[in-house]
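Peer 1: Okay, predicted coordinates and the sequence, questions at the end:
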Amino acid sequence: MVVTAPRQEPVVVTPTAPPVVAMPAMAAPIVATPVSLSAAPRIEANIATAQSGAVPFSDVRSPPFGGPMQVAVIQFGRSSSGLGGNDYDVLARVAEIQRRNGGTVRVVAHADQDAYGASSAQIERGNFEVSRRRALAVAQQLRSLGVPRDRIIAEAASDEEPIYQTSTARGIAANRRAEVFIDF
């Protein structure tokens with residue numbers, strides 16, 4: 001059986017052998033240039049494992065868009081509002097972007113199954129309090145990094161805006177977050 005793929009030579013598939021793809025010859029070999037990892041460390045967001053996220057536009061020199069831009073996600077443990085080493089690095093980069101470009105840093109903190117209580121009102125109040133503490137922790141760190149007080153807005157969204165499934169432990173952990181935006 002012969003299958004034709006766009007922009008490639010025919011692909012031959014036989015029942016007993018793996019597919020063989022014939023590609024056109026390249027004009028010149030590709031040469032990899034070594035990159036210094038210490039010059040530009042890469043911090044990746046891995047929401048699936050609930051780790052704090054990267055600042056995606058670390059080299060932004062001027063506002064690329066005319067509105068809010070999400071620049072980081074800080075993940076938290078259950079009922080926690082404490083920041084860790086990676087969080088400090090991410091927030092330092094957020095502060096640097098704000099200093100270079102201006103704008104207002106908006107922190108929206110969330111909770112998911114962080115509080116316990118005998119009634120739904122107690123649980124709701126507890127989740128709100130946890131998200132409030134998370135927003136304030138991020139805002140205070142940004143303030144200590146030189147972002148002016150009048151350029152920081154901290155919001156507590158409680159557990160009302162989950163973006164991941166709340167039926168799995170991984171989804172619940174990923175919803176325990178503070179999203180950081182810069183409004184230009």
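Peer 2: Alright, I've got the coordinates. These figures come from a predicted structure and were not determined experimentally.
Peer 1: low-scoring stretches of the chain, by residue?
Peer 2: Scanning the chain with the threshold set as pLDDT under 70 gives 1-67.
Peer 1: what do you get if the cut-off is 50, keeping everything else the same?
Peer 2: For the chain, the stretches with pLDDT under 50 are 1-51, 54-63.
Peer 1: Just the strands from it, written as ranges.
Peer 2: 2-3, 11-12, 20-21, 68-75, 104-109, 152-156, 177-183 (DSSP state E).
Peer 1: how about the ones you listed in JSON lines, adding mean neighbour count and distance to Glu129?
Peer 2: Every residue, glycine included, has its C-beta placed from N, CA and C. Putting those into JSON lines (neighbours: other C-beta atoms under 10 Å; distance: least, C-beta to C-beta, whole Å) gives the following:
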{"stretch": "strand 2-3", "mean neighbour count": "8", "distance to Glu129": "59"}
{"stretch": "strand 11-12", "mean neighbour count": "14", "distance to Glu129": "59"}
{"stretch": "strand 20-21", "mean neighbour count": "10", "distance to Glu129": "57"}
{"stretch": "strand 68-75", "mean neighbour count": "21", "distance to Glu129": "18"}
{"stretch": "strand 104-109", "mean neighbour count": "22", "distance to Glu129": "11"}
{"stretch": "strand 152-156", "mean neighbour count": "18", "distance to Glu129": "8"}
{"stretch": "strand 177-183", "mean neighbour count": "23", "distance to Glu129": "14"}
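Peer 1: Would you reformat those strands as CSV and include distance to Ala135?
Peer 2: Putting those into CSV (distance: least, C-beta to C-beta, whole Å) gives the following:
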stretch, distance to Ala135
strand 2-3, 54
strand 11-12, 53
strand 20-21, 52
strand 68-75, 10
strand 104-109, 4
strand 152-156, 4
strand 177-183, 6
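Peer 1: between those strands, which one is nearest to Phe128?
Peer 2: strand 152-156 (5.8 Å; C-beta to C-beta).
Peer 1: and for that closest one, what are the contacting residues?
Peer 2: Applying C-beta atoms under 8 Å, 6 or more residues apart in numbering, the external contacts of strand 152-156 come out as 104-109, 128, 131-132, 134-136, 138-139, 142-143.
Peer 1: quick one on the thing from earlier: between the strands of the chain, which one is closest to Gly85.
Peer 2: strand 68-75 (12.1 Å).
Peer 1: ok, the closest one: who's next to it in the sheet?
Peer 2: With DSSP bridges as the test, strand 68-75 is paired with strand 177-183 (antiparallel).
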